[in-house]
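J.: Got a sequence here, can you model it:
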Amino acid sequence: MEPHDTPSVRPTLEALRVRLVSPAFLEAAGAGIPHRTHAVDLHEALAVDTPTDVQMLELAGYASLGLSEDELFFLGRQNVRLHEQVEIQHIDDVGGVPMTVIESDSFYTTTHALELDRLIDVPPGGVLLGLPDRHVILAHRVQGSSAQDAVGPLIKLTLERFQTQEGHLSPHLYWWQDGVLERQLVEVAEGGSVRFTPGPRFVAVLG
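T.: As a prediction, the model looks like this:
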């Protein structure tokens, strides 16, 4: 019998989840947390979610599970898809542009941003995202020149939640296209002014 088929290991594999975390979270968790980095500052890490506790899976815990790192990350994403349901609300006018809000109480809500096309229809122009905290994905489906109008409202909503909600993830925006996330830098000066610096691929979309 393979290690991952044993009764003692099976509950751990069923509790495995992939979680998006910030650089600060990863640093606090310690050097033994394997992770994959997306868009510079979003880190995909593995957690074991039980009814009483959530623990990040350290490298030392991999060997006993009998699966490769790739297999564990695949299983963690699959478990999020199957067991961490979200609510999807399409809003026609948020600051003059349509917005989709993907939300839940789960720690793994933002994990769905890695496979966004499983949740919503993605146009050729991709999707502009805000990921302010672990419980929400703010999304604008880019149609034609709509990205220019969406940047301001998305920054406003993202910063408001990043500054006020628990489990904050990122103040920046991200552009999702073909399964790849590109960070769009949002910087807040001491006086409160906001500077937006689009990534090299997204510049072409803005026109």
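
J.: name the helices or strands packed onto the longest helix that the chain contains?
T.: For the chain, the helix with the greatest residue count under DSSP state H is helix 146-164. Helix 146-164 sits against strand 97-103, strand 127-130, strand 136-141, strand 173-177, strand 180-188, strand 194-197, helix 200-206, with contacts defined as 3 or more CB pairs under 8 Å, 6 or more residues apart in numbering; DSSP states H and E. Quick note: C-beta positions are derived from backbone N, CA and C, even for glycine.

J.: give me that answer again for 6 Å
T.: Helices and strands in packing contact with helix 146-164 are listed as strand 97-103, strand 127-130, helix 200-206; criterion 3 or more CB pairs under 6 Å, 6 or more residues apart in numbering; DSSP states H and E.

J.: mind giving me JSON lines with the ones you listed and columns for mean pLDDT?
T.: Below are these laid out as JSON lines (pLDDT from 0 to 100):
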{"stretch": "strand 97-103", "mean pLDDT": "97"}
{"stretch": "strand 127-130", "mean pLDDT": "98"}
{"stretch": "helix 200-206", "mean pLDDT": "90"}
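
J.: Adding mean neighbour count and distance to Asp53, write those out as CSV.
T.: Shown next, in CSV, are these (neighbours: other CB atoms under 10 Å; distance: least, CB to CB, whole Å):
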stretch, mean neighbour count, distance to Asp53
strand 97-103, 18, 24
strand 127-130, 27, 29
helix 200-206, 13, 39
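
J.: Understood, closing this out.
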